[in-house]
Structures are given as C-alpha cells and as structure tokens.
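A.B. asks: Need a 3D model of the sequence below.
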Amino acid sequence: EAQYFLAWVKKMGLDKSTVLAIDVEAPDLPWKTTSQVNVFLRYLISHGYKNVITYGSGSWFNAGRIKRSQLVDKAIWVAAYGVSQPGVANANAWQYTDNWHGVDCSYDFDGKLSGKVTKVTPKKASYWSDNGLYEVITGEVNVYGKPALDKADKRRIHFSKGSTIYGKAVKYGK
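C.D. replies: Modelled structure (predicted):
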C-alpha cells in the first residue's frame, strides 16, 4: 500500500513538504493496527516524506486500535462527528463533519495540515463581566434540549450570528 501510495504522490508531482495522511478506518483491518500503520509511515519517512499524519476515528484511538504513543510519528487527525470536541487529547486536527454543505470540514489546531500556525492571543471574554450575556460569533449555534449536545437532543431552532443570549458557561472537557 505504501509503495503504491508513494508512486501516486510522485506521479502527481507532490514535493516532500506535502502533508501525507494514512487513512486508517477499514473494518477489515486487524483490531490492533498500530504496527501496520508504522510500516506505512516508516516507508514514507524513509523516502524523505517526513510530514505525515495518521487519520482515524476517535473511537479507534480511544479503544487502542491505533495507539498514538506507539506511532513513529505522533501527529493525528481525528474523525469525530456530532460532538463538541474531537475526544482525543492533543489531536493535531479534527474532522468534525463529512458533509457541511457537501464538503468535509476539519479544524487544523496546530497547522499540521495547512502549514500555518495561527497564534491566538487570549483576551478576557467580555461576557464574563456581562453577567452571562453571550453573543453568537459563529454562523449559528444549535439549541439542545439536554446538556448532552448530541443529535438526539438537538432542536430544530438555532441562534444566528449576532444573536445575544443569557446563559451559564459550563466547562466541558479540557
């Protein structure tokens, strides 16, 4: 697989700085597949393609099917849909949907996929001093019936960008 993949990378003229991802999700793979992933990654790295990342389902990382601690390159791109976070600590990237207006969408947390690290300067959020008043700054925020924030509890309504709502901030995860 790695030889076939690399032949196509070269045929397409991609240089050695290109991010190359191994997509690990075929149901017929062995339960513990880290060693097979490492064979693939080592092959790419040995041919000068050092910008590699392992893509897989968050459940595969969490169940130990892919053991990040044993990967020859620790960069991971986690697929986890319908949740508010990737669910795997310190993921480099998170694919949060495979169909947002017909396009796959991912967050690139540290620039691993894009090569561009975005430095965010933290600032004190104004809503902490506004007695719980929040303004929606994304395209929209879904409304949920329960704190689970999953599809079963998602309501048909949402708050659009610019909406202001009172609420209580709740820390979820890290």
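A.B. asks: Run through the strands of the protein in chain order.
C.D. replies: For the chain, the strands defined by DSSP state E occupy 20-24, 52-57, 76-79, 93-100, 103-108, 133-135, 140-144, 154-160, 164-166.
A.B. asks: Including mean neighbour count, distance to residue 30 and mean pLDDT, could these go into TSV?
C.D. replies: Bear in mind the C-beta positions are built from the backbone N, C-alpha and C, glycine included. Formatted as TSV, these follow (neighbours: other CB atoms under 10 Å; distance: least, CB to CB, whole Å; pLDDT from 0 to 100):
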stretch	mean neighbour count	distance to residue 30	mean pLDDT
strand 20-24	18	11	96
strand 52-57	22	13	97
strand 76-79	24	19	95
strand 93-100	16	23	84
strand 103-108	14	26	82
strand 133-135	14	47	68
strand 140-144	14	38	77
strand 154-160	11	36	78
strand 164-166	11	48	70
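A.B. asks: Pipe these into TSV and attach distance to residue 66 per row.
C.D. replies: Converted to TSV, the strands of the chain look like this (distance: least, CB to CB, whole Å):
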stretch	distance to residue 66
strand 20-24	6
strand 52-57	5
strand 76-79	8
strand 93-100	15
strand 103-108	17
strand 133-135	37
strand 140-144	30
strand 154-160	29
strand 164-166	39
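A.B. asks: closest one to residue 68 among these?
C.D. replies: strand 76-79 (5.8 Å; CB to CB).
A.B. asks: Output that closest one as CSV, restricted to C-alpha atoms.
C.D. replies: What follows is strand 76-79, C-alpha atoms only, in CSV (Å, rounded to 0.1, in the frame of the first residue of the first chain):
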residue,chain,number,x,y,z
ILE,A,76,-3.1,12.5,14.4
TRP,A,77,-6.1,13.8,12.6
VAL,A,78,-9.2,12.6,14.5
ALA,A,79,-12.6,12.0,12.9
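A.B. asks: distance between that strand and the chain's centre?
C.D. replies: Mean C-alpha position of strand 76-79 versus that of the full chain (CA atoms, centre = their mean, to the nearest Å) differs by 5 Å.
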